[in-house]
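> structural data only, the sequence is not supplied:
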């Protein structure tokens with residue numbers, strides 16, 4: 001997939017939804033997400049996400065006693081060499097208050113540039 005090569009050598013912000021769809025093998029997104037996570041695993045690019053993502057993905061499996069699923073999320077987010085987890089701090093949140101993204105903007109969210 002050509003779109004995935006644009007990420008090579010970059011650090012990409014990862015939101016919760018793609019991770020959930022990948023781990024839970026949602027058939028609507030397999031063709032899109034498999035190449036993304038395969039290239040991530042191969043180290044062709046890195047992702048950065050926040051502790052909010054970890055919280056969001058663990059709520060459901062822990063609530064329903066699915067420790068295996070919770071462990072899969074932990075393995076990807078906390079043990080993968082190509083994933084950086086950033087804590088959400090009041091300083092970081094304050095830095096976003098003046099962020100005004102636009103469709104044509106090349107300006108990125110601070111956390112998607114490079115981990116501190």
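Cool, got the structure. Just so it is clear, the structure is predicted and the values come from calculations on it, not from any experiment. Residues are numbered from 1 along each chain as shown.
> residues near residue 59, how many?
10 (other Cβ atoms under 10 Å). Quick note: C-beta positions are derived from backbone N, CA and C, even for glycine.
> pLDDT score assigned to it?
We have a pLDDT of 93 for residue 59.
> C-terminal to the helix or strand hosting it, what's the next element?
Here residue 59, judged by DSSP states H and E, is contained in helix 51-63. Scanning forward in sequence from helix 51-63 by DSSP H and E, the next helix or strand is helix 67-79.
> all helices of the chain, in order?
Under the criterion DSSP state H, helices of the chain are mapped to 2-5, 16-23, 30-41, 51-63, 67-79, 90-96.
> quick check: residue 27 vs residue 95, distance?
Distance, residue 27 to residue 95, by Cβ to Cβ, to the nearest Å: 38 Å.
> quick one, which of these two is more surrounded?
residue 95 (13 against 7).
> how close does the more buried one get to residue 75?
30 Å.
> next: residue 52.
Taken as Cβ to Cβ, the span from residue 52 to residue 75 is 18 Å.
> phi and psi next, for the residue minimising distance to the centre of the chain.
In the chain, the centroid-proximal residue (Cα atoms, centre = their mean) is residue 14; its distance is 2.3 Å. Phi and psi for residue 14, reported as degrees, to the nearest 10, are phi -110, psi 120.
> doesn't residue 84 make contact with it?
No. Applying Cβ atoms under 8 Å, one finds residue 14 not in contact with residue 84, separated by 9.6 Å.
> next up, the contacts around residue 29.
18, 21-22 (Cβ atoms under 8 Å, 6 or more residues apart in numbering).
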